[in-house]
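Peer 1: Next come a sequence and a model predicted from it.
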Amino acid sequence: SIHSEYQDNLFMLSLSRGGQTIWMSDKDAAKVGVEDNDWIEAVNRNGVVVARAIVSHRMPEGTVYMHHAQDRLIDVPIAETSGKRGGIHNSLTRILVKPSHLIGGYAQMSFAFNYLGPTGNQRDEVTVIRKRSQEVRYS
């Protein structure tokens, strides 16, 4: 995502469903009783994210995509799983740094947070997707 642009710019806001989304297959959605645009929670060892479901036959069964690590400052309800604000400022995946990028001391080979340094490697995570109550609370 374009981070602050998602919340600051009306044109960017109009491209989303008003918050974070998670794409899932129609077969997986049917298994857990989720329909398009329902509120869902994705839970794994890194936390919980509350998002809208985008149900599509184009998604492979057994896989979900959360395309953007959107800044969690807009449309972030309380998670039923944790009782806390249901999101983080990054994604539910850990970033692992390539060790070879930590050598040399050159700009492209110096460590810095948030991808300002070496390339991060996004890894898949085992994540439980559950349909949440459609009554949304923000406080």
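Peer 2: Happy to help now that I have it.
Peer 1: helices or strands next to the helix or strand hosting residue 129 in the packing?
Peer 2: Assessed by DSSP states H and E, residue 129 sits inside strand 128-131. When contacts are defined as 3 or more C-beta pairs under 8 Å, 6 or more residues apart in numbering; DSSP states H and E, strand 128-131 sits against helix 26-32, strand 39-44. (Glycine included, C-beta is placed from N, CA and C.)
Peer 1: Let's have the ones you listed in TSV, adding mean pLDDT.
Peer 2: Output for the helices and strands packed on strand 128-131, formatted as TSV (pLDDT from 0 to 100):
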stretch	mean pLDDT
helix 26-32	97
strand 39-44	91
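Peer 1: pLDDT below threshold where in this structure?
Peer 2: When residues are selected by pLDDT under 70, those of the chain lie in 1-9, 12-18, 68-74, 86-98, 100-123.
Peer 1: The longest strand anywhere in it pairs with which strands?
Peer 2: The residue-count maximum for a strand in the chain (DSSP state E) belongs to strand 47-56. Strand 47-56 sits in its sheet next to strand 21-25 (parallel), strand 39-44 (antiparallel), going by DSSP bridges.
Peer 1: What ranges does this structure have for its helices?
Peer 2: Taking DSSP state H, the helices of the chain run over residues 4-8, 10-13, 26-32.
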